[in-house]
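Student: Show me the folded form of this:
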Amino acid sequence: MTSATQAGAAPGPAPAEGMVWIPGGTFTMGSNFRDYPEEHPPHPVQVDGFWMDEHTVTVAEFQAFVSATGYVTVAERPLDPAMYPDLPPEKLVAGSLVFKRTRGPVDLMNMWNWWTYIPGASWAHPEGPKSNVRTRDRHPVVHVAWEDVAAYAAWAGKELASEAEWEFAARGGLEGATYTWGNEFTIGGKMMANTWQGQFPHQNTKEDGFEGTAPVMSFPANGYGLYDMAGNVWEWTADFYTPRHPDEEQHECCVPVNPRVMSPNKSYDPSDPGAQHIPRHVIKGGSHLCAPNYCWRYRPAARQAQMVDTSMAHIGFRCVVRPKKQLPSA
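Tutor: Now for the predicted structure:
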């Protein structure tokens with residue numbers, strides 16, 4: 001297996017503790033996986049070097065942000081009736097989406113069989129108002145919407161990675177590998193990420209040792225020294241979602257450099273009447289709820305759309321620092 005073309009030595013010391021240098025280079029982004037056309041087409045992309053958090057932002061790190069700023073997350077605020085005109089007043093309460101394991105097999109086409117909107121659920125109360133994070137300092141923070149992660153990044157003097165940067169970093173220098181660690185799901189029988197084993201959403205055999213989120217750095221790092229770039233929690237990126245990789249015609253003539261999707265115009269979901277006005281960002285990496293029978297998305301090529309107003313129990317984030325301003329390719 002060949003490594004991706006790498007370029008760019010680190011420009012100096014890490015800008016913050018716990019960040020690693022991603023050297024940049026050219027790689028093949030996306031895949032031809034038949035069941036996930038949103039990953040199409042695979043195409044060469046070039047990204048410049050940047051610094052990236054070695055692990056997702058933890059509960060303790062997010063707590064420091066909240067303590068310093070008094071920030072209130074989207075999940076902790078009542079819903080704006082202007083944004084949700086179809087909801088009755090009693091439904092416009094602060095809360096977030098929490099996973100509930102089912103008692104048996106269910107229709108996998110209906111996510112509401114296992115997701116429940118719980119009033120009072122938030123980053124500090126992941127399962128609802130009676131839960132807490134007292135023993136989860138090293139777990140990834142969850143129940144964070146796009147506005148929340150953008151606020152944290154600005155406070156920390158950082159940014160969110162573009163989709164291309166995130167995927168390049170996740171591959172760890174392995175060109176074309178299925179997973180962030182290679183082509184085999186396990187290495188010597190050892191689980192390499194926090195995912196779902198068994199039949200989702202009712203049977204989790206916990207062969208990886210975890211029912212929900214795992215403390216960060218519980219599994220081996222990839223080739224760039226990044227932890228949990230597969231599984232554990234989905235991660236927000238800076239790019240708006242498009243149904244397929246953007247600028248497909250450009251791939252035939254040249255290699256995009258630092259591509260970005262900065263317009264929400266193609267991100268809306270026309271199939272959801274109640275949310276057609278809400279833009280969506282790309283999230284990457286899969287989560288502890290991804291299982292082969294439902295969501296084989298703990299792969300670097302995998303991508304999913306997430307509405308900017310919605311927080312969930314399996315979505316977190318990490319940040320980047322770019323050494324200089326990078327302009328999107330034309």
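
Student: buried stuff in stretch 54-68?
Tutor: By 16 or more other C-beta atoms under 10 Å, the buried positions in stretch 54-68 come out as 54-59, 61-62, 65-66. Using the backbone N, CA and C atoms, a C-beta is placed for each residue, glycine as well.

Student: thought residue 113 was touching residue 106?
Tutor: Yes - with contacts counted by C-beta atoms under 8 Å, residue 113 reaches residue 106, the gap being 4.1 Å.

Student: and for the two, which residues touch both?
Tutor: Residues touching both residue 113 and residue 106 by C-beta atoms under 8 Å, 6 or more residues apart in numbering: residue 201.

Student: ranges for the helices of the stretch 101-250 of the chain?
Tutor: Here the stretch 101-250 of the chain has its helices, by DSSP state H, counting those that start in this stretch, at 146-156, 163-171.

Student: Deepest in the core, which of those helices is it.
Tutor: Greatest average neighbour count among the helices of the stretch 101-250 of the chain goes to helix 163-171 (a mean of 27), per mean count of other C-beta atoms under 10 Å.

Student: looking just at contacts, which helices and strands does that one meet?
Tutor: strand 19-22, strand 25-29, strand 43-47, strand 50-53, strand 234-240, strand 280-284 (3 or more C-beta pairs under 8 Å, 6 or more residues apart in numbering; DSSP states H and E).

Student: one more time with 6 Å, if that's ok
Tutor: If you count contacts as 3 or more C-beta pairs under 6 Å, 6 or more residues apart in numbering; DSSP states H and E, helix 163-171 packs onto strand 25-29, strand 43-47, strand 234-240.

Student: So which residue is smack in the middle of the protein?
Tutor: residue 235 (1.6 Å; C-alpha atoms, centre = their mean).

Student: returning to what we had before: reformat the helices of the stretch 101-250 of the chain as CSV; add distance to residue 36 and mean pLDDT.
Tutor: Putting the helices of the stretch 101-250 of the chain into CSV (distance: least, C-beta to C-beta, whole Å; pLDDT from 0 to 100) gives the following:
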stretch, distance to residue 36, mean pLDDT
helix 146-156, 22, 98
helix 163-171, 14, 98
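
Student: can I get those in CSV with distance to residue 119?
Tutor: Output for the helices of the stretch 101-250 of the chain, formatted as CSV (distance: least, C-beta to C-beta, whole Å):
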stretch, distance to residue 119
helix 146-156, 18
helix 163-171, 32
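
Student: Output stretch 203-221 in PDB with nothing but the alpha carbons.
Tutor: The C-alpha coordinates for stretch 203-221 follow below in PDB (Å, rounded to 0.1, in the frame of the first residue of the first chain):
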ATOM      1  CA  GLN A 203     -28.100  -6.100  20.100                       C
ATOM      2  CA  ASN A 204     -24.700  -4.800  21.000                       C
ATOM      3  CA  THR A 205     -22.100  -7.400  21.900                       C
ATOM      4  CA  LYS A 206     -19.600  -4.800  23.100                       C
ATOM      5  CA  GLU A 207     -16.600  -6.600  21.700                       C
ATOM      6  CA  ASP A 208     -14.800  -3.300  21.800                       C
ATOM      7  CA  GLY A 209     -15.500  -2.900  25.500                       C
ATOM      8  CA  PHE A 210     -17.900   0.000  25.300                       C
ATOM      9  CA  GLU A 211     -21.700   0.500  25.200                       C
ATOM     10  CA  GLY A 212     -21.700   4.200  24.500                       C
ATOM     11  CA  THR A 213     -18.900   6.700  24.000                       C
ATOM     12  CA  ALA A 214     -15.400   5.800  25.000                       C
ATOM     13  CA  PRO A 215     -12.800   8.000  26.700                       C
ATOM     14  CA  VAL A 216     -10.700   9.700  24.000                       C
ATOM     15  CA  MET A 217      -7.500   7.900  23.000                       C
ATOM     16  CA  SER A 218      -8.900   4.500  24.000                       C
ATOM     17  CA  PHE A 219      -7.900   3.000  20.600                       C
ATOM     18  CA  PRO A 220      -4.700   3.300  18.600                       C
ATOM     19  CA  ALA A 221      -3.900   6.500  16.800                       C
END
